[in-house]
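S.K.: got a predicted structure here, sequence first:
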Amino acid sequence: MQNETFAHSGSAALPTHVAVIMDGNNRWARVNGMSGSAGHRAGAEAARQVVYSCVKRDIKYLTLFAFSSENWLRPNKEVKGLMALFLAVLKRKEITQLHQNNVRLQFIGNRESFSAKLQHHMRDVEELTAGNTGTVVTVAADYGGQWDIANAARQIAAQVEQGKLRAADVTVATMQKHICLGDSPMPDLCIRTGGESRISNFLLWQFAYTELYFTDCYWPDFDDSHFQLAMEDYGKRQRRYGHLDTPSHSDELRAGSARGA
């Protein structure tokens, strides 16, 4: 793939942090008469594109749900194929290109279940890009929201046992310090492809006030034009965080149309 360098453009209506549930690789492959592995390779290319969609819009954080805790239950051949794809992506020149575009890459999840070789490449990628100040791309691999919350609670319980914390000291802020992505802003928008309308154990703590966007598009077909549609949809929403309603721009437009009718 040829090198790509993007000029940044910003908008107040854009989210700061986008999370993506990349669903539909296998169904895309079946519809197109291809193997499941071909679907996952096409999905990896779609992930590459959405990274650059964020880079060119100057979206600071992107979190991709690449492999869930439950994905280990898939057929062994498919799991092996996914692991091989992870390795190929982490070793190829794509990482160098991301590095050149000031992208920082990091991983969340229980990586101990992965092979030593894959864990080594994960660490190499994180170290290579650690000083970058552009878009932060987080790949959730062997990740589950319930695991994340339980893991944070386990760390806090250990501190209580050691006398470093009292039970009364355990607050939302305490949990936030131990949860994955605790040092990042909460996701503003979650995009899920593939026609399903659920969050599938992804970032359960972090999604407290996240806007949800569902599309029937299978993940391998999700390109910059689809990403733009999600950004436009997000830009029309009014985020209240439990506060009293105030008229949104779209409300005012509808009211104006009614008065003119």
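M.R.: Alright, I've got the coordinates. Numbering: from 1, shown residues only.
S.K.: could you pull out the strands for the stretch 101-250 of the chain?
M.R.: 104-108, 136-143, 189-192, 211-214 (DSSP state E, counting those that start in this stretch).
S.K.: nearest to residue 23, out of those strands?
M.R.: strand 189-192 (6.1 Å; CB to CB). Where you see a C-beta, it was placed from the backbone N, CA and C, and this is true even at glycine.
S.K.: check which helices and strands the closest one sits against.
M.R.: Contacts defined by 3 or more CB pairs under 8 Å, 6 or more residues apart in numbering; DSSP states H and E place strand 189-192 against strand 17-21, strand 211-214, helix 224-235.
S.K.: tell me the most buried of those?
M.R.: strand 17-21 (a mean of 26; mean count of other CB atoms under 10 Å).
S.K.: tell me which helix or strand in the chain has the weakest average pLDDT.
M.R.: helix 249-260 (a mean of 44; mean pLDDT, DSSP states H and E).
S.K.: what separation do you get for residue 61 and residue 114?
M.R.: 23 Å (CB to CB, to the nearest Å).
S.K.: tell me which residue is most central in the protein.
M.R.: residue 63 (2.3 Å; CA atoms, centre = their mean).
S.K.: count the neighbours of residue 193 for me.
M.R.: When neighbours are counted by other CB atoms under 10 Å, residue 193 registers 26.
S.K.: so it touches residue 22, yeah?
M.R.: Yes: if you go by CB atoms under 8 Å, residue 193 and residue 22 touch, sitting 6.4 Å apart.
S.K.: now the helices for the stretch 101-250 of the chain?
M.R.: 116-129, 145-161, 172-178, 224-235, 249-260 (DSSP state H, counting those that start in this stretch).
S.K.: looking at the ones you listed, which is nearest to residue 96?
M.R.: Per CB to CB, nearest to residue 96 of the helices of the stretch 101-250 of the chain: helix 116-129, 8.5 Å.
S.K.: which helices and strands does the closest one pack with?
M.R.: Looks like helix 116-129 contacts helix 76-91, helix 93-100, strand 104-108 (3+ CB pairs under 8 Å, 6+ apart).
S.K.: do me a favour and average the pLDDT over the last one.
M.R.: Strand 104-108 shows a mean pLDDT of 95 in the predicted model.
S.K.: which elements pack onto it?
M.R.: helix 116-129, strand 136-143.
S.K.: ranking these by burial, who's on top?
M.R.: strand 136-143 (a mean of 23).
S.K.: residue 217 and residue 23, how far apart?
M.R.: Distance from residue 217 to residue 23, by CB to CB: 10 Å.
S.K.: hang on, the earlier thing: shared neighbours, residue 193 and residue 22?
M.R.: Counting by CB atoms under 8 Å, 6 or more residues apart in numbering, the contacts common to residue 193 and residue 22 are 219, 222.
S.K.: circling back: least confident of the helices and strands packed on helix 116-129, on average?
M.R.: It's helix 76-91: among the helices and strands packed on helix 116-129, that one has the lowest mean pLDDT, namely a mean of 76.
S.K.: outside of that one, which residues touch it?
M.R.: Contacts of helix 76-91 (CB under 8 Å, 6+ apart): 36-37, 40-41, 44, 66-67, 71-72, 95, 114-115, 117-118, 121-122, 124-125, 141.
S.K.: which parts of it are buried?
M.R.: 78, 81-83, 85-86, 89-90 (16 or more other CB atoms under 10 Å).
S.K.: kindly report the same for stretch 97-105.
M.R.: Quick answer for stretch 97-105 (16+ other CB under 10 Å): 97-99, 101, 103-105.
S.K.: pretty sure residue 218 is touching residue 30, no?
M.R.: No: in this structure residue 218 lies outside contact range of residue 30 using CB under 8 Å: 9.9 Å.
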